[in-house]
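Novice: predicted coordinates and the sequence they were generated for:
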Amino acid sequence: MRLVLLGPPGAGKGTLANQVHEKFQVAHISTGDILREEMKSGSELGQEAKGYVESGGLVPDQLVTRLIESRLSRKETSDTGFLLDGFPRTTAQAEDLDKILETNGIPLEFAVLMEAGLPVIVQRLTGRRVCRQCGALYHIQNMPPQKQGVCDRCGGELYQRPDDTEETIKKRMDVYYEKTAPIIDFYAQQDKLKKIDAEKETAQLLKDLEAFIKDFDDASDQDQNAARS
Ligand code: AP5
């Protein structure tokens, strides 16, 4: 499996990617998670990214593309396949991704656009809580932890991301429409775009995604059989 998850902030990319990772053991590569880890560790890269991430802007293309290139070049990633979450986010990143995948001989299968309207996005982002220790995702109404403020999985403290305020969400949405939405056409032109209604519950989204994967695998089998005969 070699997929990109596209969609506005809060569409549920990370939540769905976690489910796919658990079910298929595929590498889940989230540029947002990687950047937050770097910020937490205080690395040079983290310090450089902090201002962009916390204000809702985009980190420069070169910096994130280098991060992704190094992840995609790992042998385990080409063995297990990957699910990219939060990358690409600009047309330049999408073009660079194609080049990296071509060099590594692991072309993208398809990109999934998770569509959700603004009211759902704002409700999801303002209610999101994240475990400081293991990164597990919760929502105060949609997916509450058993004990308020405590991670079910590891007992870590839950916190609210600093970019999940209404003001920063608005900036992130503006950036999404301006910089990221053009990628939808980029993948449509390559005939690699699939769409799902991300307002449904996660279990249904997983089923929708699995249906796309099955269709893709069936079509690849047919192509191989046709080439052999
Ligand atoms: P990133 O972390 O990628 O943020 P994002 O794209 O804004 O996406 P989110 O993580 O906010 O949302 P999500 O779609 O993953 O939703 P989630 O599953 O958490 O990036 C953060 C920042 O890093 C960027 O602003 C930028 O500065 C920088 N950055 C990252 N990548 C970059 C790049 N490539 N180039 C440049 N800069 C980059 O769900 C949200 C909430 O909803 C959760 O509480 C969840 O419990 C709930 N929920 C999810 N699904 C459902 C559902 N189906 N039903 C009900 N509730 C649900």
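Specialist: On my side now, so go ahead.

Novice: how about the residues of the chain by the ligand?
Specialist: By Cβ under 6 Å from any ligand atom, the residues of the chain that approach the ligand are 7, 9-15, 31-32, 35, 52-53, 56-59, 64, 86-87, 89, 93, 124-125, 127-128, 137-139, 142-143, 163, 172, 201-202, 205. (Glycine included, C-beta is placed from N, CA and C.)

Novice: in strands, which of these fall?
Specialist: For the residues of the chain next to the ligand, the ones inside strands are 128, 137-139, with DSSP state E as the criterion.

Novice: and these, which of them are buried?
Specialist: For these, a burial check counting by 16 or more other Cβ atoms under 10 Å picks out 128, 138-139.

Novice: is there a neighbour count for the spatially closest residue to P8 that is not a sequence neighbour? I'd like the number.
Specialist: Closest residue to P8 apart from its sequence neighbours, by Cβ to Cβ, 6 or more residues apart in numbering: Y176 at 4.9 Å. The burial count assigned to Y176 is 19, neighbours taken as other Cβ atoms under 10 Å.

Novice: could you check the pLDDT of the closest residue to the ligand within the chain?
Specialist: Nearest residue of the chain to the ligand (Cβ to the nearest ligand atom) works out as G32 at 2.0 Å. According to the prediction, G32 has pLDDT 94.

Novice: same thing with G7?
Specialist: G7 carries a pLDDT value of 97.

Novice: quick one: secondary structure of the closest residue to it other than its chain neighbours?
Specialist: Among residues not flanking G7 along the chain, M114 sits closest, at 3.4 Å (Cβ to Cβ, 6+ apart). Classification of M114 using DSSP: H, G, I helix; E, B strand; the rest coil returns strand.

Novice: going forward can the numbers begin at 54, since that is how I track them
Specialist: Sure, I'll start numbering at 54, so the last one becomes M167.

Novice: just the ones of the residues of the chain next to the ligand in helices?
Specialist: Using DSSP state H, 66-68, 84-85, 88, 105-106, 117, 146, 177-178, 225, 255, 258 are the members of the residues of the chain next to the ligand that sit in helices.

Novice: are any of these buried, and if so which?
Specialist: The buried subset of those - by 16+ other Cβ under 10 Å - is 66-68, 84-85, 88, 105-106, 117, 146, 177-178, 225, 258.
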